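Engineer: task: produce atomic coordinates for the following.
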Amino acid sequence: MIWSAAIYRRFAAALRPFVNEEITGKKKKAVINHRSPKKNMARIGVFVCWCGENIARTVDVEQVASAAAEMPGVACAMTCKYMCSEPGQAAIRHKIAEEHLTGVVVASCSPHMHLRTFRKAAEKEGLNPYLVEMANIREHCSWVHQDRTQATAKAIDLVAMAVAKTRNDQALAPITIPLTRRAMVIGGGVAGIQAALDIADAGYQVALVEREPSIGGKMAGLSETFPTLDCSQCILTPRMVEAGQHPNITLHTYSEVESVEGYVGNFRVKVRKKARYIDMEKCTGCGQCWNHCPAKKNPSAFDYGLGQRTAIYIPFPQAVPARPVIDAAACLKLTKGKCGICAKKCQAGAIRFDDEERMVTEEVGAIVVATGYKLYSIEKKTGTAYPLPTAAGTPLPLSGYGEYGYGRYADVIDSLQFERLLSASGPTGGEVRRPSDGQVPKNVVFISCVGSRDNAKGIAYCSKICCMYTAKHTMLYKHKVHDGQAHVFYMDIRSGGKNYDEFVRRAIEQDGAHYLRGRVSKIVEQSGRLIVRGVDTLAGEAVTIEADLVVLAAAMCPSDGAETLAQKLNVGYDENGFLSESHPKLRPVETNAAGVYVCGACQGPKDIPESVAQATACAGKTLVMFSRQQLTREPEIARVDETNCAACFACVRACPYTAIERAEIRDRKGNLVKRTARVNPGLCMGCGTCVAVCPSKSADLAGFSEQQIYAMVESLV
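Structural biologist: Numbering: from 1, shown residues only. Below you'll find the predicted structure:
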């Protein structure tokens, strides 16, 4: 960096006629006068990057630089092997000072990668950062073409377009918007709890919304976790209690997000709190109500139908909050006007049969989505599984796996139901027993990839964790039933992760799990046993196993309502219903809606460590936002010329981000002068849809004006 400082001193004298000095504290900040000696004459610098061999292998970068030097308004052109490197940035700064540049064009990779890098370099030298443009000659040129001559010609055209745009650039200033330094986390599973705690521990208020009566999510129902076989409740319960008692966390359990308004830093979220029929402030959680409730034979959703609960209940012993909820459909008092024993037994008077759902409005600056997953619907009758769109755009229900007998044979269960059989808090007290007759199964068949990696009957993607939890299930089964035998039908074993492959080998070599590479064709019931017919592709022979219990490792799908929530948040989602991140590598927890972050299995199949890591990343992004008093946003957004606006509001209807609102202009006496469309700078994402639909040409996009677009097109003629 010594040579860089020498360069600045060397050209200080040459810059003096074109520099105004602003004194800030003890330092002097040089601000280049963007008007060159000849009035309104552009002086643009073009910098062509080799990108190692990524560009130079296909594009003649020296020829591109030579052609750029002859373009109108270009004062200098040069090449550099790595423009994004420190020497490359220093070369840009040096040329800005030496040539008194009024604009910069960098011909290199995608603007998504390094536009901010080059803008910061220019800003350090006093040039307005929005007078810097990039020509993408890597992804748009060298990576997609083989012919060097044609690729070079195309690269020259791309640079010419960028130069034409830069000649018409305007100096812009970042937009500042107010910031509410309070967050909301949607989803109270392990990822949501982690995100809420990280934000709350930093000193900011968090509203945690969970639609079940208790936080904890799917992890609360697990027995042990791979690859360490730690007790799931032992890991999760302390975090649940901490979240429930944290002074900076407000719990909204048994609640759902009704609507979301506003924009980054200023969201208004309406939360619908369902009727619990319990006064949460009076209730002490003593348990008298559910211990005396006569309606005891209701399927337990927490045990996935394997156990039963009363009409008034807490989901599981470690629930947070440890307060009951009344199932209105099962309560005799609410359905028939009879009973009311719970109210008589409650000494605190906390039972409220007249309770109603209510709306609560939360004002927050950031939203973290951690809504988790559900299992693929295995039954022949589908409808609960996520509908895949067809080419015609109509939903196509998944075909299901009716031949496996799930829902028809009591002893064919899914993986989460098997977790409840293994759990000490489950319906069998941790003993592995068949749901049909309560007997201990001696022969258990585990079938992997039920719904996953199956274009014909299921979903194309891999659910990522099935191989691991199936290996865990075989080990735990063997630990509880020592004389039992586990058989696993699998397609491939995918155990990518720290100590994951060793875990699978341990299940096979130490606990004796019998792995068969192949699919199961059919399961039938004969004489109280399940006949599993499949194939072992490695041995090249058909296999028939008489099983006492069959466990299906079903695919992971987005939770119910994920698509609807995504639409409320203006967040994208893929063809499978998982929420989409902004960039899979550079912005893996951010979304296309500023201020909305995603973590955990709502984004795609994930295990617990990855979900927790993403939750902490979301919290980190939120805290970076909250570290400032105000938010600054890029100024490249739409603007409406209100004097010419015809108030047709076509832009209002077309805007995908609801960033344009109807406004009125009134005189000093309050009389209506005219109606107009107005852009909310906090919501606008600069997509330009409003510009395309505006019939009066009143809408324009800063940094991408029609004048600039026309200039780019004309440069090719």
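Engineer: next, count neighbours for A196.
Structural biologist: Neighbours of A196 under the rule other CB atoms under 10 Å: 32. C-beta: built from backbone N, CA, C; applies to glycine.
Engineer: hang on, isn't it packed against L208?
Structural biologist: Yes - with contact defined as CB atoms under 8 Å, A196 counts as touching L208 (4.7 Å).
Engineer: identify the contacts common to the two.
Structural biologist: Counting by CB atoms under 8 Å, 6 or more residues apart in numbering, the residues touching both A196 and L208 are V185, A243, I249.
Engineer: all strands of the stretch 301-450 of the chain, in order?
Structural biologist: 308-309, 312-313, 325-326, 358-364, 366-369, 373-375, 388-389, 395-396, 412-414, 443-450 (DSSP state E, counting those that start in this stretch).
Engineer: show me what the following helix or strand past the longest one is packed against.
Structural biologist: Along the chain past strand 443-450, the next helix or strand (assigned with DSSP states H and E) turns out to be helix 466-480. On a contact count with 3 or more CB pairs under 8 Å, 6 or more residues apart in numbering; DSSP states H and E, helix 466-480 meets strand 224-225, helix 415-422, strand 443-450, strand 485-490, helix 500-509, strand 549-554.
Engineer: out of these, which is the most enclosed?
Structural biologist: Comparing these by mean neighbour count (mean count of other CB atoms under 10 Å), strand 549-554 ranks first with a mean of 28.
Engineer: which residues sit against that strand?
Structural biologist: Contact partners of strand 549-554, identified using CB under 8 Å, 6+ apart, comprise 375-376, 378, 401, 404-406, 409, 411-415, 418, 432, 434, 441, 443-451, 463, 466, 469-470, 473, 523, 530, 532.
Engineer: then that strand to PDB, C-alphas only?
Structural biologist: Listed next in PDB are the C-alpha coordinates belonging to strand 549-554 (Å, rounded to 0.1, in the frame of the first residue of the first chain):
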ATOM      1  CA  LEU A 549     -43.400 -53.100  11.700                       C
ATOM      2  CA  VAL A 550     -42.600 -50.900   8.700                       C
ATOM      3  CA  VAL A 551     -41.200 -47.400   9.000                       C
ATOM      4  CA  LEU A 552     -41.400 -45.000   6.000                       C
ATOM      5  CA  ALA A 553     -38.800 -42.300   5.700                       C
ATOM      6  CA  ALA A 554     -41.000 -39.800   4.000                       C
END
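Engineer: rounded mean pLDDT for that strand, please.
Structural biologist: Regarding strand 549-554, the rounded mean pLDDT is 94.
Engineer: now it against helix 415-422, angle please.
Structural biologist: Interaxial angle of strand 549-554 relative to helix 415-422 (axes from the mean of the first three to the mean of the last three CA atoms, to 10 degrees): 130 degrees.
Engineer: how far does strand 549-554 sit from its chain's centre?
Structural biologist: Counting by CA atoms, centre = their mean, to the nearest Å, strand 549-554 is centred 29 Å from the centre of its parent chain.
Engineer: from G430, how far off is the closest residue to L422 other than its chain neighbours?
Structural biologist: Take L422 and drop its neighbours on the chain: the residue closest to it by CB to CB, 6 or more residues apart in numbering is S223, 3.8 Å away. Per CB to CB, to the nearest Å, S223 is found 8 Å from G430.
Engineer: okay, and the common contacts of the two?
Structural biologist: Shared contacts of S223 and G430, counting by CB under 8 Å, 6+ apart, come down to L422, S423, A424.
Engineer: tell me the contacts of the last one?
Structural biologist: With contacts defined as CB under 8 Å, 6+ apart, the neighbours of A424 are S223, G430.
Engineer: so for the protein, the centremost residue is which one?
Structural biologist: A centroid search over the chain (CA atoms, centre = their mean) returns V598, at 2.9 Å, as the residue closest to the centre.
Engineer: which parts of stretch 612-630 are buried?
Structural biologist: Buried residues in stretch 612-630, counting neighbours by 16 or more other CB atoms under 10 Å, are found at 612-623, 625-626.
Engineer: and the strands in the stretch 601-717 of the chain?
Structural biologist: Counting by DSSP E, counting those that start in this stretch, the strands of the stretch 601-717 of the chain are 630-633, 638-640, 660-666, 672-679, 699-701.
Engineer: can I get those in TSV with mean pLDDT?
Structural biologist: As requested, the strands of the stretch 601-717 of the chain are exported to TSV (pLDDT from 0 to 100):
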stretch	mean pLDDT
strand 630-633	88
strand 638-640	93
strand 660-666	91
strand 672-679	92
strand 699-701	93
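Engineer: now tabulate the ones you listed in CSV and tack on distance to A162.
Structural biologist: Below are the strands of the stretch 601-717 of the chain laid out as CSV (distance: least, CB to CB, whole Å):
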stretch, distance to A162
strand 630-633, 24
strand 638-640, 22
strand 660-666, 29
strand 672-679, 26
strand 699-701, 17
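Engineer: of all those, which one is nearest M71?
Structural biologist: strand 699-701 (24.2 Å; CB to CB).
Engineer: what's the domain layout of this structure?
Structural biologist: Domains of the chain are assigned by automatic domain parsing as 2-172, 175-271+362-372+559-630, 288-345, 376-556, 636-701.
Engineer: tell me the most buried of the ones you listed?
Structural biologist: With neighbours taken as mean count of other CB under 10 Å, those reach their highest mean count in domain 175-271+362-372+559-630, at a mean of 21.
Engineer: how far does that domain stretch from one end to the other?
Structural biologist: 10 Å (CA to CA, to the nearest Å).
Engineer: equivalent analysis for stretch 284-299, please.
Structural biologist: So stretch 284-299: terminal residues 25 Å apart, CA to CA.
Engineer: where does pLDDT dip in this protein?
Structural biologist: 1-40, 379-400 (pLDDT under 70).
Engineer: could you rerun that using 80?
Structural biologist: The model of the chain has pLDDT under 80 over residues 1-41, 378-402, 456-457.
Engineer: rewinding a little: narrow the buried residues of stretch 612-630 to those in helices?
Structural biologist: Members of those lying in helices (criterion: DSSP state H): 612-623, 625-626.
Engineer: which residues touch A68?
Structural biologist: By CB under 8 Å, 6+ apart, the contact set of A68 is V46, V48, V74, A77, V105, A107, I156, V159, A160, V163.
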